[in-house]
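*Asks:* Build the 3D model from these lines:
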Amino acid sequence: MIARGAELIGGLTGWRRLTASAIAGAVSIAAFPPISIVPVLWLSFPVLVWLLNGCSSRQEAASTGWAFGLGYFGASFYWITNAFYVDSEAFGIFAIPAVAGLVAFFGLYTALVCAITHTIPPPSRDDMPDDHVFITTLRILLFGSAWIVVEWLRGWFLTGFPWNPLATVWSETATPFGLPVLQSVPLIGTYGLSLLTVLAATAPAVLAHRPRLARAWVVACAPIMFLSLIAAGGALRLALSDTQFVPGIKLRLVQANISQVDKSRPSLWETHLRDHIQLSTKNRPGDVTHVIWGEAAVHFFLNVDEQHRRLAATAAPSGGMLITGADRGTRDESGQLQVYNTLYALTHLGDMLAEYDKSHLVPFGEYLPLRWLIPFEKLTRGMGDFGAGKGPVTLDLPGLPPFSPQICYEIIFPGSVTARESEKGRPDWLLNLTNDAWFGFSTGPYQHYAAARLRAVEEGIPIVRVANSGISAVIDGAGRTISEIGLGERGYLDAPLPRPASKFTPFGFMGNTIPLILALLVGGIALKQWRRYLIENTDNPFRGGRYHL
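*Replies:* Here you go, the predicted structure:
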């Protein structure tokens, strides 16, 4: 059955092959939150490998990979269109073309992966059974290596957008193996877990033509068994470690759940501020020490607007602190206004203790690349481009352990959420303020939340996430949710601050160097073994005779 299916899939040509590839890519996203049907990867990725086996040239392999990317990134990025419809009159017409263009561009990444994979030509029916398994195994190794290098590449190229790396499929804690498998990322990082996942998902492709060969079953099952061992070790780690909390600290997270359309109306800004204050003080127990609001919770320039700054500060408990997102406005010598997306820390009297300006800005959302060439406005209308701060940083505030602030999508970048060289040392926790109201009830907020969990486990430190529309949560350094407010809910939660699960993790020290070394090592082994195979079999018409150095 497997062999027959693989033969039919590999025999597809032209538009049929491209359509099948796009469908396989789209189906893959069902493995990601909030659906989280992880086993679909064991269907979609072998299908891609079998489609690539039917490609006779690198160009065909690249086009097949591009089609896979259209489905994969189309299903992954569709929620971005919601941001255009917040101001549909001005931007609605651009929603589908803009996201389609983004998807088409990101499809080039999977095209590159598949083109690299074709460096080792696909096996044919004329190959001996052992050769077929051997060649397919090498192609799978090279595919996995290329996939991870390209995942890393799209995390920084053209400012980067590392949305939904494959390891994200394990971040849904409701799945039985999710959190245990996630315990590997303090060692190998998100991209390292992506490597293990893609190898495990593609390995069954070796069963295509020789399903009864014992070696094929060993190759198909070995990565899955390895993931199972990781899950067992992760489960043991979770069982042996309890969440410890910082004494004397109780946080109140406020989720006002204000629609982005309403947030865009200046006439409602004062009302929104008072809503936050009301939620901050409602039924508040006496042991709450810090109140935290989301990104852009306050629409006034708190650095110069003393009246609203002191009004906002009334939300803080006496002797405590309010941490909130708000814009910051400054003027240069020429009087030109520069606006920043900022996190403020205020005393209960309204004095500013610290501020952090978002450093990794959203292209087309917070600034317009090539403004001189593109005759459009950014999605956040008015005030020109936002200014970029200097980050990441470690803030050390009274009554709190040192922490690393992250605003919005800054949290999705593996290895970039803490200051590697800081006089204050490594932070004890992460604070992520965000506003996912832009994306409504789509998959976007769930996947953004999943990225926050991954950063916590990578660094071994807890994360406090406060989102205007959800999901707001406190997550410990092992990825366990302490408390949360769901998407689209209005309310608050009071929670203690967890201690770090580990003050040091290999990934926290070396960052993405570890997974990149692993990926290059896997790819290097595949290419070396392929060259060795060619040297040994080039002159043998029955073993490798169709291949040439």
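
*Asks:* mind pulling up the phi and psi values for the spatially closest residue to Leu112 that is not a sequence neighbour?
*Replies:* Nearest-residue entry for Leu112: Val150, 5.8 Å, with adjacent residues in sequence omitted and distances by Cβ to Cβ, 6 or more residues apart in numbering. Where you see a C-beta, it was placed from the backbone N, CA and C, and this is true even at glycine. Main-chain dihedrals, Val150, degrees, to the nearest 10: phi -70, psi -40.

*Asks:* Count the residues that sit near Cys490.
*Replies:* Quick fix: residue 490 is Arg, not Cys. The burial metric for Arg490, expressed as a neighbour count using other Cβ atoms under 10 Å, is 14.

*Asks:* Could you report the separation of it from Gln278?
*Replies:* Separation of Arg490 from Gln278 (Cβ to Cβ, to the nearest Å): 11 Å.

*Asks:* ok, the residue nearest to Leu112 touching Gly107?
*Replies:* No - here Val150 does not reach Gly107: they are 11.5 Å apart, not a contact under Cβ atoms under 8 Å.

*Asks:* Return, as residue ranges, the portions of the protein with sub-threshold pLDDT.
*Replies:* Along the chain, segments meeting pLDDT under 70 span 125-129, 209-212, 367, 369-384, 421-424, 538-549.

*Asks:* What segments of it are strands?
*Replies:* Counting by DSSP state E, the chain forms strands over residues 245-255, 290-292, 321-331, 337-347, 352-357, 386-387, 403-407, 429-434, 463-467, 472-475, 481-485, 491-498, given from the N-terminal end onward.

*Asks:* Output those strands as TSV; include the columns distance to Ile188.
*Replies:* As requested, these are arranged in TSV below (distance: least, Cβ to Cβ, whole Å):
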stretch	distance to Ile188
strand 245-255	28
strand 290-292	31
strand 321-331	32
strand 337-347	31
strand 352-357	30
strand 386-387	35
strand 403-407	21
strand 429-434	20
strand 463-467	20
strand 472-475	20
strand 481-485	23
strand 491-498	23
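
*Asks:* buried residues in stretch 396-409?
*Replies:* Judged by neighbour count (16 or more other Cβ atoms under 10 Å), stretch 396-409 contains these buried residues: 400-401, 403-409.

*Asks:* What of stretch 103-111?
*Replies:* Applying 16+ other Cβ under 10 Å to stretch 103-111 flags 103, 106-111 as buried.

*Asks:* Leu518: which of the residues you listed is nearest?
*Replies:* Ranking those by separation from Leu518, with Cβ to Cβ as the measure, puts Tyr109 on top at 19.2 Å.

*Asks:* give me every residue that touches that closest one.
*Replies:* Contact partners of Tyr109, counting by Cβ atoms under 8 Å, 6 or more residues apart in numbering, are 69, 150, 153-154.

*Asks:* And for Ala388?
*Replies:* Applying Cβ under 8 Å, 6+ apart as the definition, the contact partners of Ala388 turn out to be 357-361, 367.

*Asks:* can you pick the most crowded of those?
*Replies:* The member of the contacts of Ala388 surrounded by the most neighbours (other Cβ under 10 Å) is Lys358, with 26 neighbours in all.

*Asks:* in terms of contact, does it touch Asp327 like I think?
*Replies:* No - applying Cβ under 8 Å, one finds Lys358 not in contact with Asp327, separated by 10.3 Å.

*Asks:* between these two, what contacts are shared?
*Replies:* Between them, Lys358 and Asp327 share the neighbouring residues 340-342, with contact defined by Cβ under 8 Å, 6+ apart.

*Asks:* From those, pick the one nearest Asn468.
*Replies:* Nearest to Asn468 among the shared contacts of Lys358 and Asp327: Asn341, at 13.2 Å, using Cβ to Cβ.

*Asks:* Okay, and the beta partners of the closest one?
*Replies:* For Asn341, the beta-bridge partners under DSSP bridges are Asp327.

*Asks:* hang on, it packs against Val298?
*Replies:* No - judged on Cβ under 8 Å, Asn341 makes no contact with Val298 at a distance of 11.8 Å.

*Asks:* between the two, which one's more packed in?
*Replies:* Counting neighbours by other Cβ under 10 Å for Asn341 and for Val298 shows that Asn341 has the greater number, 27 against 24.

*Asks:* now the more buried one: how far from Gly325?
*Replies:* Counting by Cβ to Cβ, the gap from Asn341 to Gly325 is 7 Å.

*Asks:* which neighbours do those two share?
*Replies:* Taking Cβ under 8 Å, 6+ apart as the contact criterion, the common neighbours of Asn341 and Gly325 are 295-296, 407.
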